[in-house]
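# Just the structure for this:
(one chain, ligands or ions: 1)
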Amino acid sequence: MQLQVPAPPNIIQGAYGLAGIVVAALVIVKLSKRPNLDAIPTVGCSTWLGSWWAGIKYFSNGAEVLREGYERHKGTPFKVAELYRWTVIASGSQFVEDLRKASDDELSFAEAANENLKMEYTLGHDVHHNPYHVAIIRLQLTRNIGVLCPDMKDETVVAFEEILDLRGNEWKSVPALQAVQKVLCRTSNRIFVGLPLCRNSDWVDLTVNFTLDVVKGAVMIGLFPNAMAPLVARFMTNIPASARRGMKHLGPIIEERRKHLEEYGKDWADKPNDFLSWLMDDPHGSQTSVQDLTMRILTLNFAAIHCLTQALYTLAANPQYMQSLREEVESVVETHGWSKGALVKMRKIDSFLKESQRMEGVGVVGITRKVMKDFTFSDGTVLPKGTIVTIASEATHLDNEVYENADIFNPLRFANMRDEDGEGTKHSFASTTPEYLLFGHGRQACPGRFFAANELKSMLAWVVLSYDVKLEDGATRPPSLYIGSAIAAHPTAKVMFRKRVH
Ligand code: HEM
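Numbering: from 1, shown residues only. Next comes the predicted model:
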């Protein structure tokens, strides 16, 4: 048996004191490196120490700070303090256009993502510096949506059946976010890595939690000076363990596919048509390690989960919308089957998702960029090199001058806009405009949005066709969680499901 010898109190106090001095020194070093933005108005406190307090306020509810800034400075850029830096917030189509037109040498998406998510250390050096998977998302994934539509639907059907596990016609109360996370992960991974891995419970658990691993890891790494980032990433985050867990699943599959490639060439019989195959067919992917391929597949699992949960909460709180959605799905499926073409025709489903994300999207800001060399907005505002700049997307989405009765959920808002405009897809879910920024806007808008929109539409259509949903008695629509600039669907709220009765 080992004896526990308590440390003397003065040693403990000394250790706390030293830790306090180290943290204070790190904060001072980080704060003193911030670019000079004195000319840009501030929301919150702008004194040196006050801005640190304002940063804590932003971290606990960035939406509130941004709404205040948007009201006071609409049409001109303002700045807010985050924990270790200032962020410049702009809004309105003129500034969105300025960001859209800027070249990567002026404003960089990748460097902003690296600063926010510490990509080099969380997702890995190669994923950050050689993102060839983005071109595969843009081309192969998007082109294959039609071919893969039946697989997506098949996985959604089986996953909902297994995860909801409904008996007879009884109502069952289900934690919505957890259920949706699993169904969505299985559906996405059916396309990313195929059967049977997409149904493996450890893989599903890993991919569901990977987003959180990365976000928590990035926060931890951000607390230390850059020079310590590799060590912090390796020893103080969950990411290496997640990567090993991912490789344990994917390693044997990759090895087997490599053998087939060597033996039969690129087009062997029964070759899976999934993202892993497209990665391995790519000249970069064929040379690379199991670890690199694993990190890229895990990276794909990074979005979309909260979107469907938000739509489900709204539907459960407003069962009156169900009938017209059902009628649309039934009539479209009767004529077109369950296909990509059918999903295109489901305008009400499309509009419902888009409106739900207009009101409660994935973040309060969008189009975040890092200034790579001093940049001048078209109104003359200068952003020094190193500044992080972004657009107040939530405030734009909720502005009455942009959307009529912006604070009211109107499930047919975008379907009606499409009818009025006669412009086909301009107001469809996957389209972006300077006023609709869920997926960003312009050259670097989310490359996975066509896949995501089809997947989410297919899943929502299946829910309305197959289940009755409502909230528990007396419950109101579960409110979202606002953390920093992120919006998350309520994590524990329940939705009641039963097999469709009428
Ligand atoms: C509803 C779900 C999704 C939302 C709301 C979303 C949103 C976004 C946004 C806002 C951006 C940044 C755009 C910019 O700043 O200009 C982005 C980038 C990106 N998204 Fe998505 N996304 C979703 C689904 C997906 C899916 C399913 C994939 C992969 C299959 C994906 C892959 C990516 C990638 C790789 C980038 C970075 C692009 C680049 O490096 O240029 N996204 N997404």
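# Least confident secondary structure element in the protein?
Confidence across the helices and strands of the chain bottoms out at helix 9-32, with a mean of 61, counting by mean pLDDT, DSSP states H and E.
# Is it correct that residue 94 is in contact with residue 381?
No: applying CB atoms under 8 Å as the test, residue 94 and residue 381 come out as separate, 11.1 Å apart. Where you see a C-beta, it was placed from the backbone N, CA and C, and this is true even at glycine.
# In terms of neighbours, single out the busier of those two.
Taking other CB atoms under 10 Å, residue 94 and residue 381 do not tie; residue 381 has more neighbours (18 against 13).
# Pull the number of nearby residues for the closest residue to the more buried one other than its chain neighbours.
Closest residue to residue 381 apart from its sequence neighbours, by CB to CB, 6 or more residues apart in numbering: residue 77 at 5.2 Å. Neighbourhood size, residue 77 [other CB under 10 Å]: 24.
# Distance check, residue 77 against residue 98.
Per CB to CB, to the nearest Å, residue 77 is found 10 Å from residue 98.
# Kindly point out which residues are neighbours of both of these two.
Common contacts of residue 77 and residue 98, defined by CB atoms under 8 Å, 6 or more residues apart in numbering, comprise 90, 377.
# any idea how far the residue nearest to residue 381 lies from residue 44?
On the measure of CB to CB, residue 77 and residue 44 end up 15 Å apart.
# can you check residue 425 too?
Using CB to CB, residue 425 is found at 40 Å from residue 44.
# got it, and residue 64?
Counting by CB to CB, the gap from residue 64 to residue 44 is 10 Å.
# Please identify which of the two sits among more neighbours.
Shown here are residue 64 and residue 44; by other CB under 10 Å, residue 44 has more neighbours (18 against 13).
# confidence score at that one?
With respect to pLDDT, residue 44 has a value of 84.
# And for residue 223?
87.
# what's around it, how many residues?
15.
# mind checking which helix or strand the residue lying closest to residue 61 once chain neighbours are set aside is in?
Computed as CB to CB, 6+ apart, the closest residue to residue 61 that is not its neighbour in sequence is residue 482, at 5.0 Å. For residue 482, the element it lies in under DSSP states H and E is strand 481-483.
# how about that strand: buried residues?
Buried residues in strand 481-483, defined by neighbour count with 16 or more other CB atoms under 10 Å: residue 482.
# Please name the strands paired to it in the sheet, noting orientation.
Strand 481-483 pairs in its sheet with strand 486-488 (antiparallel), by DSSP bridges.
# ok now the partner strand, how far from the chain's centre?
Strand 486-488 has its C-alpha centroid displaced from the chain centroid by 9 Å (CA atoms, centre = their mean, to the nearest Å).
# Now do the helix or strand that that strand is followed by: which elements does it pack against?
Note on strand 486-488: by DSSP H and E, the next helix or strand toward the C-terminus is strand 494-499. Applying 3 or more CB pairs under 8 Å, 6 or more residues apart in numbering; DSSP states H and E, we find strand 494-499 packed against strand 172-175, helix 305-317, strand 467-470.
# Can you give the strand pairings for the following helix or strand past the least confident helix or strand of the chain, parallel or anti for each?
Next along the chain after helix 9-32, taking DSSP H and E as the criterion, comes strand 42-43. Paired neighbours of strand 42-43 in the sheet (DSSP bridges): strand 78-81 (parallel).
# Could I have the CA atoms of the partner strand written out in CSV?
Extracted in CSV, the C-alpha atoms of strand 78-81 (Å, rounded to 0.1, in the frame of the first residue of the first chain):
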residue,chain,number,x,y,z
PHE,A,78,-17.7,47.9,-34.9
LYS,A,79,-15.5,45.8,-32.7
VAL,A,80,-16.1,43.4,-29.8
ALA,A,81,-13.7,41.9,-27.3
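# Which residues does it contact?
37, 40-46, 51-52, 54-55, 58, 62, 65-66, 69, 72, 86-89.
# Could you rerun that using 7 Å?
37, 40-44, 51, 54-55, 58, 65, 69, 86-89 (CB atoms under 7 Å, 6 or more residues apart in numbering).
# before we move on, what about stretch 287-298?
123-124, 126-127, 133, 192-193, 207, 210, 243, 246-247, 250-251, 254, 275-276, 279, 285.
# make it 8 Å
Taking CB under 8 Å, 6+ apart as the rule, stretch 287-298 contacts 123-124, 126-127, 133, 192-193, 206-207, 210, 242-243, 246-247, 250-251, 254-255, 275-276, 279-280, 285.
# Out of the residues you listed, which end up buried?
Buried residues within the contacts of stretch 287-298, defined by neighbour count using 16+ other CB under 10 Å: 123-124, 126-127, 133, 192-193, 206-207, 210, 242-243, 246-247, 250, 254, 275-276, 279-280, 285.
# Which ones among these lie within strands?
Judged by DSSP state E, strands contain none of these.
# before we move on, back to that, run through the residues that contact the residue nearest to residue 61.
Counting by CB under 8 Å, 6+ apart, residue 482 has contacts 61-64, 364, 488.
# Please apply the same query to residue 145.
Residues counted as contacts of residue 145 (CB under 8 Å, 6+ apart) are 340, 450-451, 454.
# For the nearest residue to it once chain neighbours are set aside, what is the enclosing helix or strand?
Once flanking residues are discounted, residue 145 sits nearest to residue 454: 5.1 Å by CB to CB, 6+ apart. Using DSSP H and E, the element containing residue 454 is helix 449-466.
# Kindly report the residues of the stretch 301-450 of the chain close to the ligand.
303-304, 307, 362, 366-368, 438-440, 444-449 (CB under 6 Å from any ligand atom).
# ok, how many other residues are close to the residue of the chain found nearest the ligand?
Closest contact between the chain and the ligand, by CB to the nearest ligand atom, is at residue 448 (2.2 Å). Applying other CB under 10 Å, we find 20 residues neighbouring residue 448.
# From residue 349, how far off is it?
Distance from residue 448 to residue 349, by CB to CB: 19 Å.
# who touches residue 430 in this structure?
Going by CB under 8 Å, 6+ apart, residue 430 touches 439, 449-450, 452-453.
# possible to save those residues as JSON lines with distance to residue 164?
As requested, those are exported to JSON lines (distance: CB to CB, whole Å):
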{"residue": "439", "distance to residue 164": "29"}
{"residue": "449", "distance to residue 164": "28"}
{"residue": "450", "distance to residue 164": "28"}
{"residue": "452", "distance to residue 164": "22"}
{"residue": "453", "distance to residue 164": "24"}
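# if we take those residues, which one ends up nearest to residue 186?
Distance to residue 186 across the contacts of residue 430 (CB to CB) is lowest for residue 452, with 15.2 Å.
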